[in-house]
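# No letters, just coordinates:
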């Protein structure tokens, strides 16, 4: 009887591993097909192991019911060190503060502008280290939508190609402040007029592209109430 029980447990465990291996192998095959990856036989086992580690991490994270979810993307077979793409930290620029919190102004503890339809979709910056552009343009798009009632998608590529490369180094990092300065002086085209390519190109601004300009920039450092007030207000 005990022999049968042990045999059954061994069979069940063995079958479970085979099913798990089949599922993970299918995930890996589908992933390679979806992103058209040509991985050499020398790298196959290593890349598959990295991918499966990332899949497990994503599943465990999403099971915790955080405020956001993770998904598999085209970098899931890569190590963290490989995803830095040469981006480097830029020195902080010294700027004066020109935003002052208003005493007595009611400020909500939380504010989710997504529920008002004024936040553009999450974008994939790919292998270009231009997070500073995406964050600045995203904030600007939302502010425009709050002010005008129209949600538009602005060109990140134009800023990467054309903004001051003294402080901003295109796909190698930069400062959001310079993005806003560029927007005030030159305006930024719509995404549909100047599409994203994940790399640095020659600056080309067509005269027929109507650039949207910012008229004022408020810099908020401290106290924290200033951040809450600025992001609460329209």
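Good, I have the coordinates. Predicted model, so just to flag it, every value in this text is computed and none were measured. Numbering: from 1, shown residues only.
# So residue 157: helix, strand or coil?
When classified by DSSP: H, G, I helix; E, B strand; the rest coil, residue 157 comes out as helix.
# tell me the contacts of it?
Residues near residue 157 by C-beta atoms under 8 Å, 6 or more residues apart in numbering: 194-197, 201. Where you see a C-beta, it was placed from the backbone N, CA and C, and this is true even at glycine.
# Among those residues, which one sits closest to residue 125?
Of all the contacts of residue 157, residue 125 sits closest to residue 196, with 8.2 Å by C-beta to C-beta.
# The closest one and residue 156 touch, don't they?
Yes. Assessed by C-beta atoms under 8 Å, residue 196 is found in contact with residue 156 at 5.5 Å.
# pLDDT averaged over stretch 114-130 - what is it?
Mean pLDDT, computed over stretch 114-130, is 88.
# which parts of it are buried?
Buried residues in stretch 114-130, counted by 16 or more other C-beta atoms under 10 Å: 118-120, 125-126, 128-130.
# Check the separation of the first and last residues in it.
Start-to-end span of stretch 114-130 (C-alpha to C-alpha, to the nearest Å) is 23 Å.
# Around residue 173, how many other residues sit close by?
Other residues within reach of residue 173 by the criterion other C-beta atoms under 10 Å amount to 18.
# so how far is residue 189 from it?
Per C-beta to C-beta, to the nearest Å, residue 173 is found 23 Å from residue 189.
# more crowded one of residue 196 and residue 156?
Higher neighbour count among residue 196 and residue 156: residue 156, with 25 against 20, using other C-beta under 10 Å.
# dump the residue contacts of the closest residue to the more buried one other than its chain neighbours.
Sequence neighbours aside, residue 133 is the residue nearest to residue 156 in space, at 4.9 Å (criterion: C-beta to C-beta, 6 or more residues apart in numbering). Taking C-beta under 8 Å, 6+ apart as the criterion, residue 133 is in contact with 156, 159-160, 163, 174, 176, 179.
# Find the residues that touch each one of residue 196 and residue 156.
In terms of C-beta under 8 Å, 6+ apart, residue 196 and residue 156 are both contacted by the residues residue 123.
# Which pair in the buried residues of stretch 114-130 has the greatest spatial separation?
118 and 129 (27.0 Å).
# Buried residues, the helix or strand residue 52 falls within. List them.
In this structure, residue 52 sits in helix 41-62 according to DSSP states H and E. By neighbour count with 16+ other C-beta under 10 Å, helix 41-62 contains the buried residues 47-48, 50-52, 54-55, 58.
# Can you pull out the residues in contact with it?
24, 27-28, 31, 39, 69-72, 76-79.
# measure residue 194 to residue 156 for me?
9 Å.
# ok, now residue 123?
7 Å.
# shared neighbours of these two, which are they?
134, 196.
# Got the domain ranges for this structure?
10-82, 113-222 (the TED database).
# Deepest in the core, which of those domains is it.
Highest mean neighbour count of the domains of the chain: domain 113-222, a mean of 17 (counted as mean count of other C-beta atoms under 10 Å).
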